[in-house]
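Visitor: Provided below are the primary sequence and the corresponding predicted coordinates.
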Amino acid sequence: MEKPKLRSQAPLRSQSWFGPKDKDGFIHRSWMRGLPPDAFDGRPVIGICNTWSELTPCNAHFRELAQNVKNGVWEAGGLPLEFPVTSLGETNIRPTAAMLRNLVSMDVEESIRGNPIDGVVLLTGCDKTVPSLVMGAASCDVPAIVISGGPMLNGRYRGEAIGSGTVVWRFSEAVKAGTMTQQEFLDAETCMSRSAGHCMTMGTASTMACMVESLGLSLPGNAAIPAPDSRRGVMAHLSGRRIVEMVHEDLRISKILTRKAFQNAIRANAAIGGSTNAVIHLIAFAGRVGVPLTLEDWDKYGRDVKTILDIQPSGRFLMEEFYYAGGLPAVLWKLAQQGQLDEDALTVNGKTMGENVKDAPNWDKEVIRDYDKALVESGGIAVLRGNLCPDGAVLKPSAASPHLMKHRGRAVVFESIEHYKERIEDPSLEIDENSVMVLKYCGPRGYPGMAEVGNMGLPAKVLAKGITDMVRISDARMSGTAYGTVVLHVCPEAALGSPLALVREGDWIELDVEARRLHLDVSDAELARRRAEWKAPEPAMKGGYQSLFVEHVMQADKGADFDFLVGCRGHAVPRESH
């Protein structure tokens, strides 16, 4: 085994475990069976944080991907050691994977800090695996690089390209409208997910893969390579090589996650029509490294950016076409040409963002549009204010209906997701396309975990009229694969006795996206009277992790992180264990 050419001056963390010639060093080295003595000669120990699980189909190929990373680490003179953390799959976890994001971030943080790890490779795929791993690594501030698992192959059904998640919402509505049979709906099931990998629409998983690349946390081109493509394995291999160099250079995550990096990511999210979930996750990232980031920043830096990626759910194409067209570097280069990218931001390969994306080719101008032929003129996340959302709410313009962006209608109120399911198909329910659907108690504390239920399905009697969208408002989240004029993340949430909790059937609500306004047309005196009558709901569960979550989770505008997890606790070597 060739001894690495060390460039770092300070002793590596791992040498506190493997370096001493005393009893403790003996214990740490001897238990690492199967490794030759010179594996402990001072070379960087690279942790490979793996979110593989058979319960998370999106990440089902991560064992092979981890081996690709290991090959790169060995080649670069490092010692790769793989470790597991809880895998968060949106496909199966209830009540919502978001409730476990903070828990897994603690798992990651303590696994890194408590072990002889000098740098870490984060294997991410399904939605919440990305933020949980980045948050945990950020709180340790070690050199870290992200390798995404990649999107699955495009779905195909009866000659049509169908996008994961997005088609579920669309086909489900079609069944209720009577334009698709139940059997046709079931036939489409096996046609949507054709390989390992996360959603191939611009859902939250694809969005977060783009976010880590635009933040500079992954090698250029990482975000869009399909999971089964051999180039995904090559990317993992190269990431394994690069993390060893990053350790020698002491290129820690805090040097990457700067204010300018977050501004780049906000603009990138607007350009790709990314998920509203990115708002919560990036604010949480920023909180871990001490970078100020607010809802106002999302409006300030994203509002004047055009959506130029024509991809579902906002557009037509899927992630395969995005990759073949040039991937995220092509989008970022277009932003740079418009003066909407901070090209000086540092990235994990040691180069600036400008150096990485300069002259990136665009091979398909239908998929990645020219700036003067944008899909949406103002693509950034719209941050709304008003007496219904004193601390803000968000809406995704690229997925909304233009005719509903300014709307006034009477509220149809659902006190819980169960109440919605009970009422929505009741023939006597007074609801039409002009109504405003309001869902309560689905926020961080109320659900708990802030589930993706904000994009409530429309009632069949409205769908039967050919209506496909209505204004919907809640303190919940929406899947990045979903679409519609949906107001989300209302803060404060209903479980805190906020104005949202006080909305009643028939109240008038005004939405004006251009003016960034969401208003409940009820007097302050009436709201005060209602608040005096309001009673907090009983928690879904007493004791256990859910109680910890409800007691310590912050609101969506603060990233829904735990109050005690904000900040960086560093990677100082803990006390000896023996």
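Guide: Perfect, I can see it now. Numbers count the residues shown, from 1 in each chain.
Visitor: can I assume residue 532 sits in a strand?
Guide: No: according to DSSP: H, G, I helix; E, B strand; the rest coil, the state of residue 532 is helix, so it is not within a strand.
Visitor: Tell me how far it lies from residue 388.
Guide: Going from residue 532 to residue 388 by C-beta to C-beta, to the nearest Å gives 19 Å. (Each C-beta comes from the backbone N, C-alpha and C, glycine too.)
Visitor: neighbour-wise, which of the two wins?
Guide: Set residue 532 next to residue 388 and count neighbours by other C-beta atoms under 10 Å: residue 388 wins out with 27 against 7.
Visitor: Contact partners for that one?
Guide: By C-beta atoms under 8 Å, 6 or more residues apart in numbering, the residues touching residue 388 are 473, 490, 499, 500, 503, 509, 518, 519, 520.
Visitor: and with 10 Å instead?
Guide: 411, 438, 473, 487, 490, 498-500, 502-503, 507, 509-511, 517-522 (C-beta atoms under 10 Å, 6 or more residues apart in numbering).
Visitor: same question, residue 537
Guide: Contacts here follow C-beta under 10 Å, 6+ apart; on that basis residue 537 touches 415, 416, 440, 441, 445, 446, 494, 495, 501.
Visitor: what's the distance between it and residue 480?
Guide: Applying C-beta to C-beta, the value for residue 537 to residue 480 is 28 Å.
Visitor: now for the longest strand along the chain, which elements pack on it?
Guide: Using DSSP state E, we find that the single longest strand of the chain is strand 406-414. Packed against strand 406-414, as judged by 3 or more C-beta pairs under 10 Å, 6 or more residues apart in numbering; DSSP states H and E, are the following elements: helix 417-423, strand 436-439, strand 471-474, strand 508-512, strand 517-520.
Visitor: Only the buried residues of the last one, if you could.
Guide: This points to strand 517-520. Going by neighbour count (16 or more other C-beta atoms under 10 Å), the buried part of strand 517-520 is 517, 518, 519, 520.
Visitor: same question, the longest one
Guide: When neighbours are counted by 16+ other C-beta under 10 Å, the buried residues of helix 417-423 are found to be 417, 420, 423.
Visitor: For the last one, which non-adjacent residue is spatially closest?
Guide: Of all residues not flanking residue 423 in the chain, residue 429 sits nearest, at 5.6 Å (C-beta to C-beta, 6 or more residues apart in numbering).
Visitor: are any of the contacts of residue 537 buried, and which?
Guide: Judged by 16+ other C-beta under 10 Å, buried ones among the contacts of residue 537: 415, 416, 440, 441, 445, 446, 494, 495, 501.
Visitor: Report the two of the residues you listed separated the most.
Guide: Maximum pairwise distance among the buried ones among the contacts of residue 537 (C-beta to C-beta): 15.3 Å, between 415 and 445.
Visitor: Just the strands from the stretch 1-150 of the chain, written as ranges.
Guide: Using DSSP state E, counting those that start in this stretch, the strands of the stretch 1-150 of the chain run over 45-50, 79-84, 119-124, 144-148.
Visitor: Of all those, which one is nearest residue 207?
Guide: Nearest of these to residue 207, taken as C-beta to C-beta: strand 144-148 at 11.2 Å.
Visitor: In its sheet, which strands sit next to the closest one, and in what direction?
Guide: Sheet pairing of strand 144-148 (DSSP bridges) gives strand 119-124 (parallel).
Visitor: between the partner strand and strand 45-50, how big is the angle?
Guide: Strand 119-124 runs at 10 degrees relative to strand 45-50, counting by axes from the mean of the first three to the mean of the last three C-alpha atoms, to 10 degrees.
Visitor: Distance from the chain centre to strand 119-124, please.
Guide: Offset of strand 119-124 from its chain centre (C-alpha atoms, centre = their mean, to the nearest Å): 16 Å.
Visitor: May I have that strand as PDB, with CA atoms only?
Guide: Taking C-alpha atoms only, strand 119-124 is exported to PDB below (Å, rounded to 0.1, in the frame of the first residue of the first chain):
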ATOM      1  CA  GLY A 119     -13.600  13.800   5.900                       C
ATOM      2  CA  VAL A 120     -16.900  12.400   4.800                       C
ATOM      3  CA  VAL A 121     -18.700  11.400   1.500                       C
ATOM      4  CA  LEU A 122     -22.400  11.800   1.800                       C
ATOM      5  CA  LEU A 123     -24.400   9.300  -0.200                       C
ATOM      6  CA  THR A 124     -27.800  11.000  -0.700                       C
END
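Visitor: Low-confidence ranges, this protein, go.
Guide: The chain contains residues with pLDDT under 70 at 1-9.
Visitor: for this structure, which helix is longest?
Guide: Longest helix in the chain by number of residues (criterion: DSSP state H): helix 230-249.
Visitor: Tell me where the stretch 351-500 of the chain has strands.
Guide: Taking DSSP E, counting those that start in this stretch as the criterion, the stretch 351-500 of the chain carries its strands at 382-386, 389-395, 406-414, 436-439, 471-474, 486-487.
Visitor: Next, format these as JSON lines and append distance to residue 551 and mean neighbour count.
Guide: JSON lines is the format used below for these (distance: least, C-beta to C-beta, whole Å; neighbours: other C-beta atoms under 10 Å):
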{"stretch": "strand 382-386", "distance to residue 551": "27", "mean neighbour count": "21"}
{"stretch": "strand 389-395", "distance to residue 551": "19", "mean neighbour count": "23"}
{"stretch": "strand 406-414", "distance to residue 551": "26", "mean neighbour count": "19"}
{"stretch": "strand 436-439", "distance to residue 551": "24", "mean neighbour count": "25"}
{"stretch": "strand 471-474", "distance to residue 551": "23", "mean neighbour count": "28"}
{"stretch": "strand 486-487", "distance to residue 551": "27", "mean neighbour count": "27"}
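Visitor: Which of those strands sits closest to residue 19?
Guide: strand 389-395 (49.5 Å).
Visitor: For the closest one, name the packing helices and strands.
Guide: helix 277-289, helix 295-302, strand 382-386, strand 471-474, strand 486-487, helix 499-502, strand 517-520.
Visitor: Run the chain-centre distance for it.
Guide: Strand 389-395 sits 19 Å away from the centroid of its parent chain (C-alpha atoms, centre = their mean).
Visitor: Near residue 172, how many other residues are there?
Guide: 13.
Visitor: swap in residue 533?
Guide: Using other C-beta under 10 Å, residue 533 has 7 neighbouring residues.
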